[in-house]
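Participant: Sharing a sequence plus its predicted fold:
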Amino acid sequence: MIKNIFEYALGGIYMKFVKNALISLYINLFIIIFLFVSLLRGLIKNDMGNWIHILLIAGVIISGISNIIFAAKNTINSCKLCKNRDYNSLRKCMKILKFGAIPYFILNFAMHFLIFLFLFAASRGTMIFTPIPLLFFIPICFTYPTVVFTSLYGIGFVVSISRDKKLSKKKFIFHVLLQLCFILDVISTISLLIKYKKIDEIN
């Protein structure tokens, strides 16, 4: 009983890091959105030296560093849970982190899509013949590590059940690859959650 209470309390600590990581992700995203809106407003009013821009840029940097710290901590936590074969905690963290990040990716995509449309309309379509569209690959490069980060517990879960012979090597590789891809990572997570609903079904 004491062991179960300890594991429950420890699982709560891991969940706290997961939730804080999600909060940090959204704070960073909303600051970036406010920065783009502020820059657009400054461009229209010819006031690009606004002090608000400096504060927002500082906010993006600080929240970005916070995201890196939480990513590192959750990586360590995922490895610990995997090592201890704590399937329940891995499953819960995987579920909350992956599903909790879905609105983040939707908003992130919508923001960059709207920026693309604005530049396209402002240039009357001529921007597609310039290097500007290539610049949109930069946000993708910055967004992809977030996909990997939100898949940490999913990969840890897959490693654990594979190590206990509850998942074939082919399916193990398949799920790991899915966890590293946009959209497919969510499909993999749903599949794992449906198949492994309880700890009793794994042991």
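Facilitator: In hand now; what should we look at? Numbering: from 1, shown residues only.

Participant: can you pull the contacts of Ile27?
Facilitator: Neighbour list for Ile27: Ser63, Ser66 [criterion: Cβ atoms under 8 Å, 6 or more residues apart in numbering]. The way it works is simple: take the backbone N, C-alpha and C, and place the C-beta from them, glycine included.

Participant: following the worst-scoring helix or strand of the chain on mean pLDDT, which helix or strand shows up next?
Facilitator: When each helix and strand of the chain is scored by mean pLDDT, DSSP states H and E, helix 132-135 comes last, with a mean of 72. Sequence-wise, the next helix or strand downstream of helix 132-135 (DSSP states H and E) is helix 137-150.

Participant: contacts for that next one?
Facilitator: 21, 25, 67, 71, 74-75, 97-98, 101, 104-105, 108, 112, 180-182, 185.

Participant: From those residues, which land in helices?
Facilitator: 21, 25, 67, 71, 74-75, 97-98, 104-105, 108, 112, 185 (DSSP state H).

Participant: Please identify which two of those residues are farthest apart in space.
Facilitator: Farthest pair in these (Cβ to Cβ) is Thr75 and His112. Separation: 26.4 Å.

Participant: quick one on the thing from earlier: out of the ones in helices among the contacts of helix 137-150, which are buried?
Facilitator: Neighbour counting with 16 or more other Cβ atoms under 10 Å marks Ala21, Leu25, Asn67, Ala71, Asn74, Leu97, Lys98, Tyr104, Phe105, Asn108, His112, Asp185 as buried within those.

Participant: Could you export the residues you listed as JSON lines, including pLDDT and distance to Phe142?
Facilitator: JSON lines is the format used below for those (pLDDT from 0 to 100; distance: Cβ to Cβ, whole Å):
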{"residue": "Ala21", "pLDDT": "95", "distance to Phe142": "16"}
{"residue": "Leu25", "pLDDT": "95", "distance to Phe142": "12"}
{"residue": "Asn67", "pLDDT": "94", "distance to Phe142": "10"}
{"residue": "Ala71", "pLDDT": "93", "distance to Phe142": "13"}
{"residue": "Asn74", "pLDDT": "94", "distance to Phe142": "18"}
{"residue": "Leu97", "pLDDT": "95", "distance to Phe142": "18"}
{"residue": "Lys98", "pLDDT": "95", "distance to Phe142": "19"}
{"residue": "Tyr104", "pLDDT": "96", "distance to Phe142": "13"}
{"residue": "Phe105", "pLDDT": "95", "distance to Phe142": "12"}
{"residue": "Asn108", "pLDDT": "93", "distance to Phe142": "10"}
{"residue": "His112", "pLDDT": "86", "distance to Phe142": "11"}
{"residue": "Asp185", "pLDDT": "96", "distance to Phe142": "17"}
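
Participant: Can you tell me how far Glu111 is from Ser191?
Facilitator: For residue 111 the amino acid is Met, not Glu. Noted for Met111: a distance of 29 Å to Ser191, by Cβ to Cβ, to the nearest Å.
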